[in-house]
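Student: No letters, just coordinates:
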């Protein structure tokens, strides 16, 4: 096999499975990022809102306390709140508005906050020796300044937690993506392997090879089925070609040998030039006959292989039959036969016009050949449940039931027909044309019980 | 007529060239598609006779397609060993005017070449065709001989029309099948002869001079002189 | 958890911001003392569970575990307030 046909697994980056997996991993990662974002806004945001609500409630309560008990009461309330702050997150600072003397609280000084910040702001404070984020609320009371707030270390921790989570999750995503890529690639390769094996076998000359189906009925099975159908088709075509070569080998040699013998004989035996000339002319006629047989064989092969289905077109069979009748009526009349037709005005069909005419012509030609002078040849057509029937009947000797099954074989000639000229290919072609149109050929007695019974050929063509 | 024959088989080429020259034509010969295309494109010919399959990378179909794309409208007759119908259709689609399958009788080739080379002019369609005292009126679809009306079937009318359009030229049986009946098929027997003889009987009955003549080994010809 | 981000970035932040940022004062040994003083003024602090929580808080503060000590003392305070 040529090196370009080597069918090893493709390189990782070229592998379709790997690329699919990367795509899925990217989608998975995007989904994970979206999830983290939503999670962040839901948790940290909720925490923020909770903190603000608590601080606001605390500030309102302290302001109330100041109205009831003044600055001293307020300072005492702050110290009390600090004393029971088990969570260790409350921040308070109460100073005098003038001079900034510290009255109560747990901040050592007023934070340096830019004036443009509103009553709510964030700043960093030192807590337990570490810098921590704090949410603060500034409150102005007559002669006093009050700061109420909460240490937001918890929010920091949450962020750290989420960051860490995302970090590990991304690792997991990459790991799963790689594993998925590997699995997908192997699954694809395993499913494609029968196809590769079969096509390689076909390329290697084993035309009988077919793709094994998994029975799952999935896309791969459908691909395999399509491939198998294609291979069947190729097989049929090859069969047709082989049929022609067999026919050439067995049956064209005889007329060629006959023509050759005649020519050779004339070369040595012909008494004078006119006799030689006559034999040469006969030789040319023999060759023409051979090439007509050859042409007929090719047409049969083409029809049997279905290669002519490309030439299918919608047509009115009635017109084709009328043409055939018109062409052959004169031939029948020239032999003193009656020619009767019974055709409906219209018969729509999809098919190959030239081949259908050829088939009918072959039938008419047979019928005319075997009907004695004074007899009748009939061409009729009718619409039946299954499609369209073309009937050609004659008053000839008919065909023995035993011979009927052989009638479609190439070069078959019934014993009674030996004396009549013909190649024995006429009915083969009709049969091939019938098969090409998914139809069938039936031979029967024209008039049962009569002697001779005559032959009726029925060509059934299913209409779409 | 001045013709170009492109055919790679030396024996067939010699046979065709000799025959055409004997019929009074001038024949140039090329053995491959490339030379053929060069000659056809650079010189003036009345007719091209091309083998369908040619060596040299340019086959008959490509040659015609190239010529036609350059606006060259010289009539083209294909010779081919490929007989399948779609091959014929391919050849005609590419711009060929007629298609003859090998093996062929030289008479068939000559008849087709002359029919192609003297195609009736399309510009001024005649309404009446005349051969000696036989007249065919295309408008009223009537046939008269010596002013006497002759009854013909529609198909006989078309058969006669075709013969008269090519008066003085040989028309073969296959040409009649293709042009008058418009089918490509093998008639098995001599049905065309039967049709022609029926027509002949109608035309010549009561007249001394026959008009439709049988040309031995070739076909038929309509002409005034025997 | 803290160790994840502490050195050296956070130390740098500490050094730079030591003067600029306000400091929380309720995490010192002095505050331990002030909480103990405050508890001593509450009669309920002599009862359980405030008493043992307070004792543990004092011990932790004395041993230098100021943060946990303060947490214990605050729990003791809360328990004392809850008891009538």
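Tutor: Nice, thanks for sending it over. Computed from a predicted structure; not experimentally measured. Numbering: from 1, shown residues only, chains lettered A, B, ... in the order given.

Student: C-alpha from now on. contacts and neighbour counts both.
Tutor: Will do.

Student: how about the helices in the stretch 101-250 of chain A?
Tutor: Counting by DSSP state H, counting those that start in this stretch, the stretch 101-250 of chain A has these helices, from start to end: A:153-203, A:219-247.

Student: Turn the ones you listed into CSV, columns for mean pLDDT and mean neighbour count.
Tutor: Formatted as CSV, the helices of the stretch 101-250 of chain A follow (pLDDT from 0 to 100; neighbours: other CA atoms under 10 Å in any protein chain shown):
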stretch, mean pLDDT, mean neighbour count
helix A:153-203, 82, 16
helix A:219-247, 81, 16
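
Student: how about those in TSV, adding distance to residue A:84?
Tutor: Shown next, in TSV, are these (distance: least, CA to CA, whole Å):
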stretch	distance to residue A:84
helix A:153-203	19
helix A:219-247	70
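
Student: closest to residue B:4 out of the ones you listed?
Tutor: Nearest to residue B:4 among these is helix A:219-247 (35.2 Å), distances taken as CA to CA.

Student: and the closest one, is it in reach of chain B?
Tutor: No - for a cut-off given as CA under 8 Å from any CA of the partner chain, helix A:219-247 has no contacts with chain B; the smallest distance is 13.7 Å.

Student: Which SSE is immediately downstream of that helix?
Tutor: Sequence order places helix A:253-269 as the next helix or strand after helix A:219-247, per DSSP states H and E.

Student: So which elements touch the next helix or strand after that following helix?
Tutor: For helix A:253-269, the following helix or strand on the C-terminal side (DSSP H and E) is helix A:273-305. Contacts defined by 3 or more CA pairs under 8 Å, 6 or more residues apart in numbering or on different chains; DSSP states H and E place helix A:273-305 against helix A:219-247, helix A:253-269, helix A:426-436.

Student: which strands and helices sit next to the first one?
Tutor: Yep, that's helix A:219-247 we're talking about. Under the contact criterion of 3+ CA pairs under 8 Å, 6+ apart, helix A:219-247 touches helix A:153-203, helix A:273-305.

Student: Around chain A, which positions in chain B sit nearby?
Tutor: B:83-84, B:86, B:103, B:181, B:183-189, B:191-192, B:194-195.

Student: what's the closest of the residues you listed to chain C?
Tutor: Nearest to chain C among the residues of chain B next to chain A is residue B:86, at 79.9 Å by CA to the nearest CA.

Student: Report the contact partners of the closest one.
Tutor: Going by CA atoms under 8 Å, 6 or more residues apart in numbering or on different chains, residue B:86 touches residue A:311.

Student: what angle separates the helix or strand harbouring it from helix A:273-305?
Tutor: Secondary structure from DSSP H and E places residue B:86 in helix B:85-93. Calculated by axes from the mean of the first three to the mean of the last three CA atoms, to 10 degrees, helix B:85-93 forms an angle of 100 degrees with helix A:273-305.

Student: just for the stretch 301-450 of chain A, where's the confidence low?
Tutor: A:306-310, A:408-424 (pLDDT under 70).

Student: ok, back up a step: show me which of the residues of chain B next to chain A are buried.
Tutor: Buried members of those, counted by 16 or more other CA atoms under 10 Å in any protein chain shown: B:83, B:181, B:183, B:184, B:185, B:186, B:187, B:191, B:192, B:194, B:195.

Student: what's the helix or strand for the last one?
Tutor: Element membership for residue B:195 (DSSP H and E) is helix B:191-204.

Student: which other residues reach that helix?
Tutor: Residues from elsewhere that reach helix B:191-204 (CA under 8 Å, 6+ apart): A:327-328, A:330-331, A:334, B:145, B:150-152, B:156, B:160, B:173, B:176-177, B:210-212.

Student: filter those to the buried ones?
Tutor: Of the contacts of helix B:191-204, these count as buried by 16+ other CA under 10 Å: A:327-328, A:330-331, B:145, B:152, B:156, B:160, B:173, B:176-177, B:210-212.

Student: Tell me which two in those residues are the farthest apart.
Tutor: A:328 and B:145 (27.5 Å).

Student: State the next helix or strand along the chain beyond the helix or strand hosting residue B:214.
Tutor: Following DSSP H and E, one finds residue B:214 within strand B:212-215. Next helix or strand after strand B:212-215 toward the C-terminus (DSSP H and E): strand B:219-222.

Student: And the contacts of that following strand?
Tutor: B:131, B:163-164, B:166-173, B:211-215.

Student: Now it: average pLDDT?
Tutor: Throughout strand B:219-222, pLDDT has a mean value of 92.

Student: Quick check: can you name the pairing partners of it and their directions?
Tutor: strand B:171-172 (antiparallel), strand B:212-215 (antiparallel) (DSSP bridges).

Student: Contacts for the strand holding residue B:214, please.
Tutor: B:170, B:200, B:220, B:221, B:222, B:223, B:226.

Student: Nearest to the spatial middle of chain C, which residue is it?
Tutor: Most central in chain C under CA atoms, centre = their mean is residue C:70, positioned 2.0 Å from the mean C-alpha point.

Student: Just give the nearest non-adjacent residue to that residue, would you?
Tutor: Nearest non-adjacent residue to residue C:70, counting by CA to CA, 6 or more residues apart in numbering or on different chains: residue C:32, 5.9 Å away.

Student: May I have the phi/psi pair for the one you found?
Tutor: Note on residue C:32: its backbone torsions stand at phi -50, psi -50 [degrees, to the nearest 10].

Student: Thought residue C:58 was touching it, still the case?
Tutor: Yes - with contact defined as CA atoms under 8 Å, residue C:32 counts as touching residue C:58 (7.5 Å).

Student: Report the set of residues contacting both of the two.
Tutor: In contact with both residue C:32 and residue C:58: C:69, C:73, using CA under 8 Å, 6+ apart.

Student: show me where chain B has helices.
Tutor: Per DSSP state H, chain B carries helices over the ranges B:10-22, B:33-42, B:60-69, B:85-93, B:106-117, B:154-165, B:173-176, B:191-204.

Student: Quickly, which of those bottoms out on average pLDDT?
Tutor: Looking over the helices of chain B, mean pLDDT reaches its minimum on helix B:85-93, with a mean of 79.

Student: now it against helix B:60-69, angle please.
Tutor: 20 degrees.

Student: Look up how far chain B lies from the nearest residue to residue A:195 once chain neighbours are set aside.
Tutor: Of all residues not flanking residue A:195 in the chain, residue A:211 sits nearest, at 5.7 Å (CA to CA, 6+ apart). Residue A:211 is 32 Å from chain B, where distance means CA to the nearest CA, to the nearest Å.

Student: Lovely, talk soon.
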